[in-house]
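Peer 1: please work out how this folds:
(one chain, ligands or ions: 2)
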Amino acid sequence: MKFLSSCLFAAAALSSVCAAPVTTQELADMAAKGYRLLDLEEGAAPVWKTEEEKLDLLRNKVHFFDVTEVYDPSEEATCNSIACMSVHLSCCTVPAPSHSSQVTPILKTLSTSNMQSYLSILTSYNNRYYTSSTGKAASQWIFDTITQLAADRDDITVTKFNHSWQQFSVVAHIPGKSSGALTVLGAHEDSINLNSPSSGRAPGADDDGSGTVNLIEIFRALVAADFQPSTPVEFHWYSGEEAGLLGSQDIAKSYKSKGTSIKAFLELDMTAYFAPGSKEVIALEADYIDSGLTSFLKQLVDAYSTLDWAMDTACGYACSDHASWYKQGYTTGMLYEAITGDDNPNIHGSGDLTSVKGFSWSHSLEFAKVALAYVYELSI
Ligand SMILES: *[C@@H]1O[C@H](CO)[C@@H](O)[C@H](O)[C@H]1NC(C)=O
Ligand SMILES: [Zn+2]
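Peer 2: Ligands and ions are numbered 1, 2, ... in the order given. Alright, predicted model coming up:
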């Protein structure tokens with residue numbers, strides 16, 4: 001209730017800056033002509049852009065939510081979703097990590113050679129762009145792989161979350177012994193070549209092949225350890241992150257409208273590179289995240305990783321999939337491969353390969369360890 005009332009208060013205070021919402025008719029007409037509706041900054045009305053203008057923004061490293069498929073005129077009328085972004089409550093009480101005797105043996109089973117094998121398949125698709133047939137084929141491969149890994153567990157469900165474009169997202173659900181709020185771990189399965197998104201080569205080894213295979217390997221290790229959490233856990237592989245957080249927005253909106261409770265959401269987007277010569281750390285996202293969850297993540301790094309954590313500089317609006325959950329009012333965090341500036345400069349083109357100097361499987365493994373511990377500690 002506190003959330004709601006402060007939200008409405010903030011909405012009232014902001015109402016003077018809120019433009020008239022886009023009507024359902026305008027939305028349908030413009031989308032049919034190929035225009036995309038972009039949410040470029042917090043508190044501002046969304047704007048229409050052509051596909052080419054949208055690509056130019058991406059090339060200029062401007063982040064945004066592409067809300068063409070998820071925009072809701074009735075919600076925008078009260079400016080709720082905009083106003084709510086600035087009035088997040090800090091997370092619940094997050095307990096200190098306390099299961100190291102159970103977690104540590106499972107961490108030892110995480111395998112970089114497994115991750116390497118998964119990634120060699122994912123990078124063999126020409127690209128994993130959300131509208132391409134190879135992008136769809138890659139999501140099918142993830143679905144098949146996770147289904148296979150869960151074959152002996154009747155309780156686990158693996159689902160295709162279909163969108164209005166080709167590439168679906170993949171959701172694996174491990175039920176809890178009792179019901180309760182979900183613990184979610186996410187990564188994005190798509191990749192992009194900014195010069196030529198539909199047909200250009202985009203291996204996406206680091207962005208975000210690394211996070212994608214971390215999740216697959218964590219899932220494999222937990223299932224192999226016969227992990228049976230007290231509260232439910234989900235693994236999400238998102239479609240269309242590179243094109244404006246499309247898949248994660250679709251799913252976060254759906255969960256919010258169903259009233260799904262979420263204990264925490266953690267995103268892994270790029271975990272395998274740090275600039276040669278820089279200090280190797282686990283960087284923590286600094287904005288559009290929950291400070292309580294981030295404190296917990298620091299404790300997990302201290303308890304389970306050989307690396308130190310470091311706070312990153314602000315990534316800004318609509319940076320990665322965690323922002324889609326944050327926008328819906330959920331508790332979010334993100335681990336990042338390096339302090340921005342020491343991160344991978346080869347992304348979004350044909351050169352995002354495991355062969356670049358600075359790509360490190362042992363580095364990526366540290367992220368898998370912390371993310372597995374996050375799942376275990378929060379849900380057991
Ligand atoms: C998604 O689409 C596929 C193929 O059309 C279908 O088999 C599947 O049941 C759909 N998933 C859901 C959750 O509706
Ligand atoms: Zn990414």
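Peer 1: just the CA coordinates for stretch 38-46, please, in PDB.
Peer 2: Presented in PDB, the C-alpha positions along stretch 38-46 are these (Å, rounded to 0.1, in the frame of the first residue of the first chain):
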ATOM      1  CA  LEU A  38      10.500   4.400 -28.100                       C
ATOM      2  CA  ASP A  39      10.700   5.300 -24.400                       C
ATOM      3  CA  LEU A  40      14.000   7.300 -24.500                       C
ATOM      4  CA  GLU A  41      14.100   8.800 -21.000                       C
ATOM      5  CA  GLU A  42      12.500   8.600 -17.700                       C
ATOM      6  CA  GLY A  43       9.500  10.900 -17.200                       C
ATOM      7  CA  ALA A  44       9.300  11.800 -20.900                       C
ATOM      8  CA  ALA A  45       6.600  10.800 -23.400                       C
ATOM      9  CA  PRO A  46       7.600   8.100 -25.800                       C
END
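Peer 1: check which residues of it are buried.
Peer 2: For stretch 38-46, the neighbour count (16 or more other Cβ atoms under 10 Å) marks 38, 39, 40, 41, 45, 46 as buried. (C-beta placed from N, C-alpha, C; glycine too.)
Peer 1: so is the fifth one in a helix, a strand, or just coil?
Peer 2: Secondary structure of residue 45, reduced to three states by DSSP: H, G, I helix; E, B strand; the rest coil: coil.
Peer 1: on that earlier part again, ok, and which of the buried residues of stretch 38-46 reach ligand 1?
Peer 2: Counting by Cβ under 6 Å from any ligand atom, the subset of the buried residues of stretch 38-46 that neighbours ligand 1 is empty.
Peer 1: tabulate those (CSV), appending distance to residue 103.
Peer 2: Below are the buried residues of stretch 38-46 laid out as CSV (distance: Cβ to Cβ, whole Å):
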residue, distance to residue 103
38, 41
39, 38
40, 41
41, 40
45, 46
46, 43
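Peer 1: closest to residue 195 out of those residues?
Peer 2: If you rank those by distance to residue 195 using Cβ to Cβ, residue 38 comes first, at 20.3 Å.
Peer 1: so residue 144 is in which element?
Peer 2: Assigned by DSSP states H and E, residue 144 falls within helix 133-149.
Peer 1: contact partners of that helix?
Peer 2: 118, 121-122, 125-129, 158, 160, 166-170, 172, 189-191, 212, 216, 219-220, 223, 235, 237, 239 (Cβ atoms under 8 Å, 6 or more residues apart in numbering).
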